[in-house]
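Undergrad: Build me a model:
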Amino acid sequence: MTDQISIQVDSISKNFLIYDKPFYRLLQMIIGSTKNLFKEHAALRNVSFSVTKGQTVGIIGRNGSGKSTLLQIICGTLSASAGSVSADGRIAALLELGSGFNPEFTGLENIYMSGQVLGLTNAEIDARVDSIIAFSEIEDKIHQPVKTYSSGMFMRLAFSVIAHVEAQILVIDEALAVGDAYFVQKCMRFLDDFKKKGGTLLLVSHDSTAITTLCDKVVWLENGSLRAIGDAKTVTQEYLKDYYSKQQSVGSVDDVSIARPRDRKNFVDPRQALLKHSTLRNDLQIFSPENYGNRFGNGAAKISNVSLISSSGEPLLWAIGGESVSLVVRFETYEVLKNLIVGFIVKNKNGVSLFGDNTCLTYFDDPKSSRGNEVWDCRFDFDMPILPAGDYSITVAVSDGTQDNHRVNDWVDDAVIIRSESMNMASGLIGIPMREIEMVQLEGELIHG
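TA: Predicted structure coming up:
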């Protein structure tokens, strides 16, 4: 292993022996290899990759693809049937929720037990135990057996322990999915700080936004084999396309009346007139590429044109953040489609979805259908958010079915490219035009005087 490699996975395979009946295990030991009473299941097949120091790597794949098995082998809690794993540095892992905890022990006792398993001495744990308890925010439960803890409390305590062992490598397997929003954000801030300090992070998550936001590289497992490995945006997009393309069944919708308000009073950000004539103006350059990005679908419909237009109907080559625009998606249908759905997503350069919408709620009570061999336009009217400087892209799709269960007819990445040239107003990923901003002085005495 070179000085720059943190984790090296070489040709890892893992086979599990499946017995139809429990006593077949004992019988197999007695009869030896003369007859096999088991079926062999390959959980991993010849998986190889490396992680450099300071890198964050996401591992994605469907349930049963071998993600958790791979992490257990890397952490040393499971042995491989073939191949080898080497790691440079202390590994702290948050795998199955509650793994490594004795349910009969109190939270405090489990802190000491887990800390020792992770390589800390009693003196080191003594010096950190107060910080661990404070980070977990379960001081009032710390002397209770962990079998009385909720899943969220389990996660708080387990994460707090691994956050204080000063490991060089963190391995996290979906555990953050059970935490409350406040504590998950606290964990994400810790992970971001851990990355900045040069720590190595392995992350398994079904949250594509978390993967594209946190990870430098992504490993995609499918049926125990390495399907793809590469930069987070590219591999995650390919994984999502593969996932959506396989979700081709159309389900029924409960008879529920849902409608989106169609009439909305127009409003104007009171600062727009000033911004248009100042250096604070958010200039957005619009590109319509000759060739769209990656696309997939079953071919029942095809997107032929995507454009941003002004309120007067003119195609936009330049726009200003905060102004009203329309996204128009033109598509052709080639088959009978009973319930058309058109949608879009605006993403930043890292592939993180910022905002978007689709036609499901608008036409929930009156679905649009096509007899085939027709041309359609779908228009979305909205106020363009204020975008920080950088590049953005618009993904569009046409489907048939319901919000939760549909067939993708055509999915197009990078149908429109937006380049934000200047930005001095937005706080966060995007800025929202304000209807009104008001500040008034109140009458009365000071509360704290």
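Undergrad: could you check the distance from S79 over to A300?
TA: 48 Å (C-beta to C-beta, to the nearest Å). All C-beta spots, glycine's among them, are computed from the backbone N, C-alpha and C.
Undergrad: who has more neighbours, those two?
TA: A300 (19 against 9; other C-beta atoms under 10 Å).
Undergrad: The more buried one contacts R407, correct?
TA: Yes. Between A300 and R407 there is a contact under C-beta atoms under 8 Å: 7.2 Å.
Undergrad: anything in contact with each of these two?
TA: Common neighbours of A300 and R407, using C-beta atoms under 8 Å, 6 or more residues apart in numbering, are D400.
Undergrad: Find the residue ranges of the stretch 51-200 of the chain scoring beneath the pLDDT cut-off.
TA: Across the stretch 51-200 of the chain, the ranges flagged by pLDDT under 70 are 96-99, 175-181.
Undergrad: Mind doing that once more with 80?
TA: 95-100, 174-182, 184-185, 188 (pLDDT under 80).
Undergrad: got the residue ranges for the helices in it?
TA: Counting by DSSP state H, counting those that start in this stretch, residue ranges of the helices within the stretch 51-200 of the chain are 67-75, 107-117, 122-136, 151-162, 181-196.
Undergrad: Check which residues of the longest one are buried.
TA: The one in question is helix 181-196. For helix 181-196, burial by neighbour count (16 or more other C-beta atoms under 10 Å) applies to 183-184, 186-187, 190-191, 194-195.
Undergrad: which strands and helices sit next to it?
TA: helix 151-162, strand 169-173, strand 200-204, helix 208-214 (3 or more C-beta pairs under 8 Å, 6 or more residues apart in numbering; DSSP states H and E).
Undergrad: can you tell which of these is closest to Y243?
TA: helix 208-214 (9.5 Å; C-beta to C-beta).
Undergrad: Mind listing what's buried along the closest one?
TA: Quick answer for helix 208-214 (16+ other C-beta under 10 Å): 208, 210-214.
Undergrad: got it, and stretch 402-422?
TA: 402, 406-416, 418, 420.
Undergrad: Please tabulate these in TSV, including the columns pLDDT and distance to I7.
TA: Converted to TSV, these look like this (pLDDT from 0 to 100; distance: C-beta to C-beta, whole Å):
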residue	pLDDT	distance to I7
T402	80	42
H406	82	39
R407	87	40
V408	90	35
N409	92	41
D410	92	39
W411	91	34
V412	90	36
D413	87	31
D414	87	33
A415	91	38
V416	92	39
I418	92	37
S420	87	37
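Undergrad: quick check, nearest of those to N15?
TA: For these, the nearest to N15 is V408 (35.4 Å; C-beta to C-beta).
Undergrad: what about that closest one, is that helix, strand or coil?
TA: strand (DSSP: H, G, I helix; E, B strand; the rest coil).
Undergrad: just checking, it touches T395?
TA: No. The criterion here is C-beta under 8 Å, and V408 misses it with T395 at 11.8 Å.
Undergrad: Distance of L429 relative to K195?
TA: 18 Å.
Undergrad: Kindly report the same for V146.
TA: Taken as C-beta to C-beta, the span from V146 to K195 is 29 Å.
Undergrad: same question, D231
TA: If you measure D231 against K195 using C-beta to C-beta, the figure is 16 Å.
Undergrad: Kindly report the same for A158.
TA: Applying C-beta to C-beta to A158 and K195 gives a distance of 20 Å.
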